[in-house]
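S.K.: Quick one, what's the 3D model for this:
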Amino acid sequence: MSKTNKTLAIIVVAQFCCTSVWFAGNAVIDDLIRDFNLLPTALGHLTSSIQLGFITGTLIFAILSIADRFSPSKVFFISAVFAAFFNLLLIFSANTFGSLMAFRFLAGFCLAGIYPVGMKIAADYFDKGLGKSLGYLVGALVLGTAFPHLLSAINADFSWNYLIYATSLLSLTGGALIILFVPDGPFRKASQVLKLNAIFSIFKPQSFKLAAFGYFGHMWELYTFWAFAPLLIVAHHDYHHHELGHIAFLSFMIIGSGALGCVLAGYLANRFSPQKTAFTALAISASCCLLLPLVFMIGSPYLFVGFLVIWGISVVADSPLFSTMVAQNAIPELKGSALTIVNSIGFAITILSIQLLNILYLNFEIQYIFVVLAIGPIAGLVYNRRERKQM
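M.R.: Predicted structure coming up:
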């Protein structure tokens, strides 16, 4: 294995380890609701809280050009340590709904120094073949996001605290891997001075805007699908009165299948193009949003799970490719800030869609509310078509 491939492997493992804290709260949501007397809507609120923390962090990181002015490896390490700490505070016995929201927010803030900074580190090492590299990297994020569900399935007979211990330890491990084995990359172009107005220059290139708006449409759907997928599985089970299997394991399988989609999309992008591959995936996931009510009414549990796996693959397959296009079309010395601000806006969009589904979930049958998630992908496809005609 070449040195660059070893570096990529370390970045991928570190990204997986650190992002395991992202959905740790979701994986133990039933335990949190029971032990801290929370309302059923806590799932949407706690998910939105960590998303809001991530948004706030990415916005501050972008305005201050943190990933461009300072060593990305050091930023990653420090963020991983604090993410582990705030994640661990979930087990504090005196927690209230407010403190849980605060700890999820702070964990999300720290993730701003992990996910986009991890992509920045990869972009600093891979000038060519970036799509394939980010395919592995975002695939690691997907597995990290899904992993708490697997831990929940494995540790079903143990206290939920152990899952929190495990994900915090993983975050520390990921940070250590980066600081010890991944120095700043050869293609890094550091910004030496603070430019508070740099954020306004980022969206000037037309090709950059095309990539960014495709990413925004994709984000409207992605995290909301991940957050509510377990509830969708339970609803199908209750509606048809059949046994689908362990909900936590199925959730891991459906969300985690996106890792395969990310890696596959990276290879397809090398054969075709990042643009064609990304927007094809966007079209497939939009179709899944619209087809869900029909597939839900069919009684076969195998068909339903298979459909959700296809959706899980396509819903995130475009993510590394949009990030690739963002990185390649950004102003070079603002690449880190560009990735960060696009992430910030994208995750702000996820809060809107999560809260919308949270409201709809209380008033309508769940199989119908996912249709609104098609709005984002369709908007991204329409914008792409319109702008390409003008370019």
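S.K.: average model confidence for whichever helix or strand residue 289 is part of?
M.R.: Taking DSSP states H and E as the criterion, residue 289 maps to helix 274-297. Mean pLDDT, helix 274-297: 95.
S.K.: And the contacts of the helix or strand just after that helix?
M.R.: Once helix 274-297 ends, the next helix or strand along the chain (criterion: DSSP H and E) is helix 301-317. Helix 301-317 is touched from outside by 138, 142, 218, 221-222, 225, 229, 232-233, 236-237, 240, 242-244, 250, 253-258, 260-262, 264-265, 277-278, 281, 284-285, 288, 291-292, 295-296, 298, with contacts defined as C-beta atoms under 8 Å, 6 or more residues apart in numbering. Heads up, the C-betas are built off the backbone N, CA and C, glycines and all.
S.K.: Would you check how far apart residue 19 and residue 112 are?
M.R.: 12 Å (C-beta to C-beta, to the nearest Å).
S.K.: Next: residue 12.
M.R.: Taking C-beta to C-beta, one finds residue 12 at 19 Å from residue 112.
S.K.: Does anything pack onto the helix holding residue 289? Which helices or strands?
M.R.: On a contact count with 3 or more C-beta pairs under 8 Å, 6 or more residues apart in numbering; DSSP states H and E, helix 274-297 meets helix 206-240, helix 247-271, helix 301-317, helix 319-329, helix 366-369, helix 375-390.
S.K.: In contact with residue 273, which residues?
M.R.: Contacts of residue 273 (C-beta under 8 Å, 6+ apart): none.
S.K.: at 10 Å instead, please
M.R.: By C-beta atoms under 10 Å, 6 or more residues apart in numbering, the contact set of residue 273 is 131, 279, 321, 325.
S.K.: which residues of the stretch 101-250 of the chain fall in helices?
M.R.: Under the criterion DSSP state H, counting those that start in this stretch, the stretch 101-250 of the chain contains helices at 115-125, 130-154, 161-181, 198-201, 206-240, 247-271.
S.K.: what's the distance between the longest one and the middle of its chain?
M.R.: Relative to the chain's own centre, helix 206-240 is displaced by 10 Å; criterion: C-alpha atoms, centre = their mean, to the nearest Å.
S.K.: about what we covered before: comparing residue 12 and residue 112, which residue is more hemmed in?
M.R.: Legend: neighbour count by other C-beta atoms under 10 Å for residue 12 and residue 112, higher for residue 112 (28 against 22).
S.K.: Surely that one and residue 79 touch.
M.R.: Yes - if you go by C-beta atoms under 10 Å, residue 112 and residue 79 touch, sitting 7.2 Å apart.
S.K.: Now for the two: what residues contact both?
M.R.: The contact sets of residue 112 and residue 79 overlap at 57, 61, 66 (C-beta under 10 Å, 6+ apart).
S.K.: Tell me where the model's unsure across the protein.
M.R.: Residues of the chain meeting the criterion pLDDT under 70: 1, 127-129, 156, 187-200, 244-245, 387-391.
S.K.: ok, now how distant is the residue of it most remote from its centre from residue 235?
M.R.: Centroid-distance maximum for the chain: residue 241 at 32.2 Å, with C-alpha atoms, centre = their mean. Counting by C-beta to C-beta, the separation of residue 241 from residue 235 is 12 Å.
S.K.: do the same with residue 355
M.R.: Counting by C-beta to C-beta, the gap from residue 355 to residue 235 is 19 Å.
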